[in-house]
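Engineer: Have a look at this prediction, sequence included:
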Amino acid sequence: MSYIAVIGAGSWGTTLACLLHEKGYDVSLWAREKEVADEITNQNTNSVYFPGVLLPAGLMATSSIAEALTNARYILNVVPTQFIRSVFTEAVKYISSDTIIISASKGIEQGTLLTASETLQEITQKPVAALSGPSFAKEVIKKLPTAVTLASPNMDTALLLQELFNTNYFRVYSHADIIGVELGGALKNVAAIASGICDGLDLGHSARAALITRGLVEITRLGKAMGADPMTFSGLSGLGDLVLTCTGPLSRNYTVGVNLGKGMKLRDILASTRSVAEGVATSLSAFELAQKKHVEMPIVEQVYRVLHEDEDPETAVLNLMNRALKSEF
């Protein structure tokens, strides 16, 4: 069946590669580290991201980008957003003209302020679809029920890819608003850090509920300014993903926030894990986008100041609570 290259062997890339492999597709999983690729191929394990989990037999991995992309009909990007440019600048020479590219990364590139699909499109000069929604890799790998969104401006492509990924435990909805879907997936990571800080400070469930609600307002506000459909943010890639990452302890971004709220320094938090919390880098991009688009995003601003200007988390909370009073809508 169709040859699929999954680029990125972290927890989400490994999970999606397993899903596609078990559907019967010919899958090649690319890992930056040779030892990770060899372990997946020879031992059916990825102990870095899934200790104790046995991967399906026959899943092949490689550390050669050329080998991974040879004859690929579909390319699934699962590289952390800030590394997409370096990986695909090398990869582009091996991508054929009829290849379909899908991105499952959630973030906004620093400097360019491009989403993952926009970065890929700029490098490859090809249209790119986006897969997003509330989905923890550790749950999907166990085949727990999950629903996500597959967005493409070309509805024929969206329907094709919807069938490609859909299973009896991984339900895929099609969508046309790719910018809205990607912004929801990227910005919820920033909100999740704020939510974690809230819980790390023991501010209570009422505070967290308010933060999630107002976070959705900010995300929608920026989305509208960038041409997204506001309705997108009430869906799986918006509200769904936001609720999951702001409340679930499996969320890397939420966990970063909890540790910040408990007094840990960011450098120590990041040094303690190999997993990438996309919200840390995206908070800078989101703050700059808000300024560029003249959009008010006070939660994003305070997360940015805690992460990048070493503002005390308790001060950030006071700054939010003491803003000028206004109408909700």
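Structural biologist: Structure received. What you see is a predicted model; the values in this text were computed from it and never measured.
Engineer: Spell out, range by range, the helices that occur in the stretch 1-150 of the chain.
Structural biologist: Using DSSP state H, counting those that start in this stretch, the helices of the stretch 1-150 of the chain run over 11-22, 34-43, 65-69, 84-91, 116-124, 137-140.
Engineer: do you know how far the nearest residue to A137 once chain neighbours are set aside is from P298?
Structural biologist: Among residues not flanking A137 along the chain, S11 sits closest, at 3.9 Å (Cβ to Cβ, 6 or more residues apart in numbering). Any C-beta I mention is one placed from the backbone N, CA and C, and that applies to glycine too. S11 is 32 Å from P298, where distance means Cβ to Cβ, to the nearest Å.
Engineer: And those two? Which one has more around it.
Structural biologist: Neighbours per residue (other Cβ atoms under 10 Å) separate S11 from P298, with S11 holding more: 23 against 14.
Engineer: Tell me which residues touch that one, please.
Structural biologist: Contact analysis of S11 by Cβ atoms under 8 Å, 6 or more residues apart in numbering lists 49-50, 137-138, 141, 275.
Engineer: For K138, list the residues it contacts.
Structural biologist: Per Cβ under 8 Å, 6+ apart, neighbours of K138: 11, 50, 250.
Engineer: Can you find the helix or strand of this protein with the lowest average pLDDT?
Structural biologist: helix 266-271 (a mean of 91; mean pLDDT, DSSP states H and E).
Engineer: and for the helix or strand just after it, what are the contacting residues?
Structural biologist: As assigned by DSSP states H and E, the chain's next helix or strand after helix 266-271 is helix 278-292. With Cβ under 8 Å, 6+ apart as the test, helix 278-292 has contacts from 80-82, 105-110, 113, 186-187, 189-190, 192-193, 222, 226, 252-253, 256, 266, 270, 295-297, 300-301, 303-304, 307-308.
Engineer: How far away from the center of its chain is helix 278-292?
Structural biologist: On the basis of Cα atoms, centre = their mean, to the nearest Å, helix 278-292 sits 14 Å off its chain's mean C-alpha point.
Engineer: tell me which residues in it are buried?
Structural biologist: For helix 278-292, the neighbour count (16 or more other Cβ atoms under 10 Å) marks 278-287, 289-290 as buried.
Engineer: what's the angle from it to helix 116-124?
Structural biologist: Angle between the axes of helix 278-292 and helix 116-124 is 90 degrees (criterion: axes from the mean of the first three to the mean of the last three Cα atoms, to 10 degrees).
Engineer: which one is T14 nearest to, not counting chain neighbours?
Structural biologist: Leaving aside its chain neighbours, T14 sits nearest to N46 (5.1 Å; criterion: Cβ to Cβ, 6+ apart).
Engineer: and the residue nearest to the spatial centre of the chain, what is it in contact with?
Structural biologist: By Cα atoms, centre = their mean, the chain has its centre lying nearest to K106, at 2.6 Å. K106 makes contact with 81, 116, 132, 182, 185-186, 188-189, 278 under the criterion Cβ under 8 Å, 6+ apart.
Engineer: and with 7 Å instead?
Structural biologist: 132, 185-186, 189, 278 (Cβ atoms under 7 Å, 6 or more residues apart in numbering).
Engineer: Tell me which stretches of the chain form strands.
Structural biologist: If DSSP state E is used as the criterion, the strands of the chain fall at 3-7, 26-30, 60-62, 74-77, 100-103, 128-132, 146-151, 170-175.
Engineer: Of these, give the one that comes closest to R214.
Structural biologist: Taking Cβ to Cβ, strand 128-132 is the member of the strands of the chain nearest to R214, at 21.5 Å.
Engineer: just checking, K34 touches S63?
Structural biologist: Yes - shown here, K34 and S63 form a contact pair, counting by Cβ atoms under 7 Å, at 4.1 Å.
Engineer: So which of the two has more stuff around it?
Structural biologist: Neighbours were counted for K34 and for S63 using other Cβ under 10 Å; S63 has more, 16 against 12.
Engineer: So what does that one look like in phi/psi?
Structural biologist: phi -100, psi 10 (degrees, to the nearest 10).
Engineer: Contact partners for it?
Structural biologist: 31-34, 37.
Engineer: Any of these buried? List them.
Structural biologist: 31, 37.
Engineer: Just the pLDDT at M1, thanks.
Structural biologist: As predicted, M1 sits at a pLDDT of 56.
Engineer: actually R274, not the one I typed
Structural biologist: On pLDDT, R274 comes in at 74.
Engineer: State the number of residues packed around it.
Structural biologist: 8.
Engineer: gap between it and T14?
Structural biologist: Relative to T14, R274 is positioned 13 Å away (Cβ to Cβ).
Engineer: Kindly report the same for V92.
Structural biologist: According to Cβ to Cβ, V92 stands 24 Å off from T14.
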